[in-house]
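Colleague: Build me a structure from this.
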Amino acid sequence: MGIEEKVPGGVLLTTVEKVVNWTRKASFWGATFGLACCAIEMMAAGSPRFDLGRWGMEIFRASPRQADLMIVAGRVSQKMAPVLRQIYDQMPEPKWVISMGVCASSGGMFNNYAIVQGVDHVVPVDMYLPGCPPRPEMLIDAILKLQEKILNEPLGERGRKQLEARQARHGKPVVAPGATPSSYRMNRERKAEWAKAVAEGREEQLRIENWMRRQQEALQAGKGYRW
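Modeller: Below you'll find the predicted structure:
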């Protein structure tokens, strides 16, 4: 009752790309990076009730050098952002990031100077998971969708050709997924504003200026902070 009964002659033909992508997507090892209440849901996803092990991804590693999937579960403070980036840099390639919950994805209810307004300011994000907090089933669904994405990733020569084609089509280098913060991505004017800041090398200054402008507008409306 094995695979040999399903494959005529015991021979299976495929490509190196499909085999490599299949092994990558079927053996996620997550980096433990729980920051807030979303981390409780992440822990529950690995419990017997939901059993992430059914898809070969229940192993969470305390060492980033043994992990290839970072699940950012919870809000990211300005002090925690450099630590998060360091752990991400210590993870070996290939690696992927899931932004779990609205606080990690956009700052959520914490619209203030202490919280990073979207973890994609710090690391490139492959999958955004909404919710406050999202249920374990939602996390499992996000991981399965990320597996589908990995299964279709081109490698080697095909990957290089795809990158060159995208560069030629847009007339500019292709930035990594998540390089444009989520708060700028959906609005055409803000997206153009971000692109101009990137060309001038003043992304951080732009974020600070926009935050200060929002606080000033809130003060004028009688809804902001008073120092």
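
Colleague: Residue 197 and residue 206 touch, don't they?
Modeller: Yes: Residue 197 is within contact range of residue 206, at 4.1 Å (criterion: C-beta atoms under 8 Å). C-beta coordinates here come from the backbone N, C-alpha and C atoms, glycine included.

Colleague: Quickly find the element holding the residue positioned nearest the centre of the chain.
Modeller: Residue closest to the average C-alpha location in the chain (C-alpha atoms, centre = their mean): residue 125, at 2.5 Å. Under the criterion DSSP states H and E, no helix or strand holds residue 125.

Colleague: What distance do you get for it to residue 20?
Modeller: Distance, residue 125 to residue 20, by C-beta to C-beta, to the nearest Å: 23 Å.

Colleague: which residues does residue 132 contact?
Modeller: For residue 132, the contact set (C-beta atoms under 8 Å, 6 or more residues apart in numbering) comprises 101, 102, 103, 108, 109.

Colleague: Could you do residue 16 as well?
Modeller: Residue 16 touches 155, 156, counting by C-beta under 8 Å, 6+ apart.

Colleague: Output the residue ranges of the helices in this protein, listed in chain order.
Modeller: Applying DSSP state H to the chain gives helices spanning 16-25, 38-45, 81-90, 102-106, 136-151, 156-170, 182-185, 188-200, 203-220.

Colleague: Counting by contacts, list what the fourth one packs against.
Modeller: Where contact means 3 or more C-beta pairs under 8 Å, 6 or more residues apart in numbering; DSSP states H and E, helix 102-106 is packed against helix 182-185.

Colleague: what's the span of stretch 125-143, first residue to last?
Modeller: Terminal residues of stretch 125-143 lie 13 Å apart, using C-alpha to C-alpha, to the nearest Å.
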